[in-house]
Structures are given as structure tokens and as C-alpha cells.
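Asks: mind folding the following:
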Amino acid sequence: MNAAVRKSLRFARVRAVQHNLAAVAAHKAAKQVEALEASIGKLVSLRDGMRAAPGVVTGASLAATGEIAMRLDQARATVAVSAASARARALGFQEARLAARMKQESADRLTDEAIKAAERQVERKLAARGLPRKRNQES
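Replies: A predicted model of the protein is given here:
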């Protein structure tokens, strides 16, 4: 194995690690979006459950229920903004993961080409010395 092949293999390993890191970051961002969306769902269900009790209700309890409902609405709006930001961030991480994957595939193709070039060089050297060519063991 010549230096060009070793360098190409090392480069391919680096690209694979970069892709793996990008994939982990994208996965974490997606999980964060899922958690925020679950929180929004819980807040909505809590808010929908805020109903006045049947029968006689005091003004104080009605005011307290209204205050809690208003705070739940505000919390939902705040979490919705955070979720939108997290979705945009997750999309960025996903794009970075795809870019890293393309670079990894390119490095893999370059490695394959370097190996083929090294094999051709060995065959040319053998032919120049008059030695028989190495048979392809894949077929």
C-alpha cells in the first residue's frame, strides 16, 4: 500500500467521523424539537381542560381559573417560538449532515480510485520487469 492510498484512507476515515458527528448533532436537534412539540401538546391539553366547574362558582375561583388559562396560553406561545427556532436549527443540522455525507462519499470514491491507481502501477511495474500479471481474484 503506497502513501497515496494510506493518505486517502485516512482522509476517508476523517470524513466518516465528521459525518457521524453531524448525524449525532442532527439527531439531538430533532429530539429537542420532538420534546418541545410534546410540551406544546401538554400545554394545549391542560388549557383545554380549564373549564368552570358545574354549579355555583365564585368570582375568585373563576378569576383564578382565567389567570391560569392565560398563563398556559402565554407558556404555549413561548414554547411555540422556541419550537420554531429549534425546527430551524434542526434543519440546519440536517443540511450539515447531508453535506458531510456527500463529502464522505466523495472521499470513499477517491480512496477507491487511489487503490485502483496503485494496483495499476504495480501491474505496470510487473509488466516492465517481464513478470506475469497478477490475476484478478474477484472473478
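Asks: what is the burial count for Gly41?
Replies: 11 (other CB atoms under 10 Å). C-beta coordinates here come from the backbone N, C-alpha and C atoms, glycine included.
Asks: ok, it to Arg51 distance?
Replies: 19 Å (CB to CB, to the nearest Å).
Asks: with Glu123 instead?
Replies: 83 Å.
Asks: again with Val81
Replies: 27 Å.
Asks: do Ala64 as well
Replies: 13 Å.
Asks: who has more neighbours out of Val81 and Arg51?
Replies: A count of neighbours by other CB under 10 Å puts Val81 above the other of Val81 and Arg51, at 11 against 8.
Asks: any idea which element the more buried one lies in?
Replies: Per DSSP states H and E: Val81 is located in helix 59-129.
Asks: show me how far that helix is from its chain's centre.
Replies: Distance, stretch centre to chain centre, for helix 59-129: 3 Å (CA atoms, centre = their mean, to the nearest Å).
Asks: which secondary structure elements does it contact?
Replies: For helix 59-129, the packing partners by 3 or more CB pairs under 8 Å, 6 or more residues apart in numbering; DSSP states H and E come out as helix 3-48.
Asks: spit out the residues that contact Ala64 and Arg51 alike.
Replies: Common neighbours of Ala64 and Arg51 (criterion: CB atoms under 8 Å, 6 or more residues apart in numbering): none identified.
Asks: wait, what's in contact with the residue most central in space within the chain?
Replies: Nearest residue to the geometric centre of the chain (CA atoms, centre = their mean): Ala26, 2.3 Å. Each residue near Ala26 by CB under 8 Å, 6+ apart is listed here: Ala90, Phe93, Gln94, Ala96, Arg97.
Asks: for the second one, which non-adjacent residue is closest in space?
Replies: It stands for Phe93. Distances taken as CB to CB, 6 or more residues apart in numbering put Ala26 closest to Phe93, at 4.0 Å, once the chain neighbours are dropped.
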